[in-house]
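Colleague: got a structure for you, letters missing:
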(Lines give C-alpha, C1' and ligand atoms only; values in the text may rest on other atoms or scores of the structure.)
Protein backbone atom coordinates (compact mmCIF):
# COMPACT_ATOMS: atom_id res chain seq x y z
CA UNK A 1 0.00 0.00 0.00
CA UNK A 2 2.76 2.44 0.97
CA UNK A 3 4.83 1.68 -2.13
CA UNK A 4 1.78 2.23 -4.33
CA UNK A 5 1.20 5.63 -2.72
CA UNK A 6 4.82 6.63 -3.38
CA UNK A 7 4.45 5.52 -7.00
CA UNK A 8 1.34 7.69 -7.40
CA UNK A 9 3.18 10.69 -5.93
CA UNK A 10 6.13 10.10 -8.28
CA UNK A 11 3.80 9.87 -11.29
CA UNK A 12 2.10 13.10 -10.20
CA UNK A 13 5.48 14.84 -9.87
CA UNK A 14 6.39 13.66 -13.38
CA UNK A 15 3.09 14.73 -14.96
CA UNK A 16 3.02 18.14 -13.24
CA UNK A 17 5.71 19.76 -15.47
CA UNK A 18 4.00 18.35 -18.56
CA UNK A 19 0.64 19.84 -17.57
CA UNK A 20 2.27 23.19 -16.75
CA UNK A 21 4.06 23.21 -20.12
CA UNK A 22 0.78 22.51 -21.93
CA UNK A 23 -1.01 25.30 -20.04
CA UNK A 24 1.80 27.78 -20.75
CA UNK A 25 1.81 26.90 -24.45
CA UNK A 26 -1.99 27.29 -24.59
CA UNK A 27 -1.87 30.70 -22.87
CA UNK A 28 1.02 31.78 -25.10
CA UNK A 29 -0.96 30.83 -28.23
CA UNK A 30 -3.97 32.78 -26.91
CA UNK A 31 -1.85 35.88 -26.25
CA UNK A 32 -0.07 35.57 -29.62
CA UNK A 33 -3.42 35.25 -31.39
CA UNK A 34 -4.81 38.28 -29.55
CA UNK A 35 -1.76 40.41 -30.36
CA UNK A 36 -2.04 39.36 -34.02
CA UNK A 37 -5.72 40.36 -34.07
CA UNK A 38 -4.95 43.71 -32.41
CA UNK A 39 -2.11 44.39 -34.85
CA UNK A 40 -4.48 43.92 -37.80
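Modeller: Perfect, thanks for sending it. Please read all numbers here as calculations on a predicted model, not as lab measurements. Numbering: from 1, shown residues only.
Colleague: quick one, what contacts residue 27?
Modeller: Contact analysis of residue 27 by CB atoms under 8 Å, 6 or more residues apart in numbering lists nothing. Every residue, glycine included, has its C-beta placed from N, CA and C.
Colleague: Going along the chain, name the helices of the chain.
Modeller: 2-39 (DSSP state H).
Colleague: which stretches of it have low pLDDT?
Modeller: Low-confidence segments of the chain (pLDDT under 70): 1.
Colleague: change it to 80
Modeller: Scanning the chain for pLDDT under 80 picks out the ranges 1-2, 39-40.
Colleague: residue at max distance from the center of it?
Modeller: Most distant residue from the mean C-alpha position of the chain: residue 40, 29.5 Å away (CA atoms, centre = their mean).
Colleague: Residue 20 versus that one, what's the distance?
Modeller: The gap separating residue 40 from residue 20 is 31 Å, by CB to CB, to the nearest Å.
Colleague: same check, this time on residue 28
Modeller: Taken as CB to CB, the span from residue 28 to residue 20 is 12 Å.
Colleague: Repeat that for residue 33.
Modeller: Residue 33 is 20 Å from residue 20, by CB to CB.
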